[in-house]
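**Q** this one's structure only:
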């Protein structure tokens, strides 16, 4: 009776594997049922093919054969979270497009990891379109906005204080928050495989940000009004220019949108300011933000 039940189990597993397209022989199925430890070498082999994990180094990478010391936070992640040990391979980048394969050498008494550069890789070329994301300071959503901007390859990020912003920062609080955003960006870069860390600026008012934008750069506010042009038209016009030095400053409003008086003042201050309409639907800040950045990054050169 037991033998018949075992044979039925093997047959069932074999049939399921064939349906899934896995040509697993009966010998592997039967041995895994009788002794699961026999398939551990297969699992170990698959683990050995996992992608190398990436770590950030705050200075230019040294040449092949030289060594570097990771920061304590990166070292803890390497040793305590990922469980890498001396002899293991990893990737290291300086956040500006340079990347190298490295080997873990040892750990200091403080826990700092020493890496030896094995091979350097070609640096990334700059993308044609430079994007600066300028979202209105919005309570409870800034970490998410930082993360998605980094994942989508945004070059620079600066929160903007608007008339309807729900958050207020003093200097001390702002420094602490910007440090947290930088950490979020590094984590997002690791997850997405980005080799460039976006620049994160401190919070400024809409007036001050517009005053910093050079005349040759494009400033765009996403806001529904009679003066706004459709998003599709705006993107098509940009793509048709084929400008290799295109630099975009994209402003996203808070919940409820920009204040009308604020917009009027912005248009007077920056006559070349463009208003773009995202359609009839009322979108959440994060929805409009991710949608626009993704479309611009993938549709423009």
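**A** Cool, got the structure. Bear in mind that the values here come from a model prediction, so they are computed numbers and not experimental data.

**Q** Give me the buried positions along stretch 214-231.
**A** For stretch 214-231, burial by neighbour count (16 or more other Cβ atoms under 10 Å) applies to 218, 219, 220, 221, 222, 223, 224, 228, 231. Using the backbone N, CA and C atoms, a C-beta is placed for each residue, glycine as well.

**Q** Need the per-residue pLDDT for the fourth one.
**A** Meaning residue 221. Note on residue 221: pLDDT of 95.

**Q** Residues touching the biggest helix by length in the chain, excluding its own?
**A** Ranked by number of residues, the top helix in the chain under DSSP state H is helix 171-192. For helix 171-192, contacts defined as Cβ atoms under 8 Å, 6 or more residues apart in numbering pick out 53-56, 95, 142-143, 146-151, 157, 169, 194-198, 200, 202-203.

**Q** Next secondary structure element downstream of that helix?
**A** Sequence-wise, the next helix or strand downstream of helix 171-192 (DSSP states H and E) is strand 199-200.

**Q** From the rest of the structure, what touches that following strand?
**A** 146, 155, 156, 157, 158, 178, 181, 182, 185.

**Q** is it fair to say residue 239 lies in a strand?
**A** No: read with DSSP: H, G, I helix; E, B strand; the rest coil, residue 239 is helix and lies in no strand.

**Q** My guess is it contacts residue 295. True?
**A** No: in this structure, residue 239 is not within contact of residue 295 by Cβ atoms under 8 Å, at 10.9 Å.

**Q** mind listing the strands in the stretch 201-301 of the chain by residue range?
**A** Per DSSP state E, counting those that start in this stretch, the stretch 201-301 of the chain carries strands over the ranges 204-205, 218-222, 229-230, 247-252, 274-277.

**Q** ok, now the stretch 51-200 of the chain?
**A** Counting by DSSP E, counting those that start in this stretch, the strands of the stretch 51-200 of the chain are 54-56, 67-69, 89-93, 99-107, 113-120, 130-135, 156-157, 160-161, 199-200.

**Q** Going by neighbour count, list what's buried in the fifth one.
**A** Buried residues in strand 113-120, defined by neighbour count with 16+ other Cβ under 10 Å: 113, 114, 115, 116, 117.

**Q** what packs against it?
**A** If you count contacts as 3 or more Cβ pairs under 8 Å, 6 or more residues apart in numbering; DSSP states H and E, strand 113-120 packs onto strand 67-69, strand 89-93, strand 99-107.

**Q** For residue 273, which of those is the nearest?
**A** Nearest to residue 273, of all these, is strand 89-93, at 36.0 Å by Cβ to Cβ.

**Q** Reformat the buried residues of strand 113-120 as a markdown table; add pLDDT and distance to residue 211.
**A** Formatted as a markdown table, the buried residues of strand 113-120 follow (pLDDT from 0 to 100; distance: Cβ to Cβ, whole Å):
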| residue | pLDDT | distance to residue 211 |
| --- | --- | --- |
| 113 | 94 | 44 |
| 114 | 94 | 46 |
| 115 | 95 | 43 |
| 116 | 93 | 47 |
| 117 | 92 | 43 |
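
**Q** Just the closest of those to residue 102, please.
**A** residue 115 (4.0 Å).

**Q** State the distance from the residue lying closest to the closest one once chain neighbours are set aside to residue 196.
**A** Distances taken as Cβ to Cβ, 6 or more residues apart in numbering put residue 102 closest to residue 115, at 4.0 Å, once the chain neighbours are dropped. Using Cβ to Cβ, to the nearest Å, residue 102 is found at 19 Å from residue 196.

**Q** ok, now which ones touch the residue lying closest to residue 261 once chain neighbours are set aside?
**A** Using Cβ to Cβ, 6+ apart and skipping the chain neighbours, the partner closest in space to residue 261 is residue 163 (7.5 Å). When contacts are counted by Cβ under 8 Å, 6+ apart, residue 163 touches 258, 259, 261, 262.

**Q** just checking, residue 118 touches residue 66?
**A** No: Residue 118 sits out of contact with residue 66 when judged by Cβ under 8 Å, with a separation of 10.7 Å.
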